[in-house]
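**Q** Output the structure for:
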Amino acid sequence: MSEEEPGDEVRGRAEELAWRDIVDGYGARPDAEQLNDLTGPLVQPEPQPMPDSYRLDLDDETFTPPPLPPPAVITPERRVAWVGLVASPVLLVIINLLGYSLPGILGVGLVILFIASFGYLVATMAPRDPDDDGARV
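**A** Purely as a prediction, here's the structure:
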């Protein structure tokens, strides 16, 4: 038999009664009075004014971005290659959607134009630095 302290029996009964109260009241909604007794009256705190340091005034600054750099100069051969690369599949899709039948030589010519344009653009690409990840500061 283990020796128990004199307060253990009283504490055990109090815990048992507390658990019975919890189990008996399971699923019942508490009254407003019970909530006020536990938490105090439910009052919303007044909103505090925001400090001026957190406000964003867009009219204060007059930022003017620098002018854009001039667009890259594209050689006429590369322009023709880009047009062939984009226009030939678009034309093939539109012609097929309209239900028009191209003569075989024109269909093959558009496919060859696409492949040749892609090949020319890949072949004339400028080599880039392998350490360059494209980020600019």
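**Q** Rounded mean pLDDT for the top helix by length along the chain, please.
**A** The helix that spans the most residues within the chain, counting by DSSP state H, is helix 76-98. What helix 76-98 shows for mean pLDDT is 94.
**Q** Would you mind getting the angle between the very next helix or strand once past it and helix 76-98?
**A** Where DSSP states H and E defines the elements, the next helix or strand beyond helix 76-98 is helix 104-123. Interaxial angle of helix 104-123 relative to helix 76-98 (axes from the mean of the first three to the mean of the last three Cα atoms, to 10 degrees): 140 degrees.
**Q** From the rest of the structure, what touches helix 104-123?
**A** With contacts defined as Cβ atoms under 8 Å, 6 or more residues apart in numbering, helix 104-123 is touched by 77-78, 80-85, 88-89, 91-92, 102. For the C-beta atoms, the positions are set from N, CA and C on the backbone; glycine is no exception.
**Q** on that earlier part again, for the longest helix of the chain, output the C-alpha coordinates as PDB.
**A** Presented in PDB, the C-alpha positions along helix 76-98 are these (Å, rounded to 0.1, in the frame of the first residue of the first chain):
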ATOM      1  CA  PRO A  76      16.900  42.500 -91.700                       C
ATOM      2  CA  GLU A  77      17.900  38.800 -91.900                       C
ATOM      3  CA  ARG A  78      16.900  38.200 -88.300                       C
ATOM      4  CA  ARG A  79      13.600  40.000 -88.800                       C
ATOM      5  CA  VAL A  80      12.800  37.800 -91.800                       C
ATOM      6  CA  ALA A  81      13.700  34.800 -89.700                       C
ATOM      7  CA  TRP A  82      11.500  35.900 -86.800                       C
ATOM      8  CA  VAL A  83       8.600  36.500 -89.200                       C
ATOM      9  CA  GLY A  84       9.100  33.000 -90.700                       C
ATOM     10  CA  LEU A  85       9.300  31.500 -87.200                       C
ATOM     11  CA  VAL A  86       6.000  33.100 -86.100                       C
ATOM     12  CA  ALA A  87       4.000  33.500 -89.200                       C
ATOM     13  CA  SER A  88       4.400  30.000 -90.800                       C
ATOM     14  CA  PRO A  89       2.700  28.000 -87.900                       C
ATOM     15  CA  VAL A  90       0.100  30.700 -87.500                       C
ATOM     16  CA  LEU A  91      -0.800  30.600 -91.200                       C
ATOM     17  CA  LEU A  92      -0.900  26.700 -91.100                       C
ATOM     18  CA  VAL A  93      -3.300  26.800 -88.200                       C
ATOM     19  CA  ILE A  94      -5.600  29.500 -89.600                       C
ATOM     20  CA  ILE A  95      -5.700  27.700 -93.000                       C
ATOM     21  CA  ASN A  96      -6.600  24.400 -91.400                       C
ATOM     22  CA  LEU A  97      -9.300  26.100 -89.200                       C
ATOM     23  CA  LEU A  98     -10.900  27.600 -92.300                       C
END
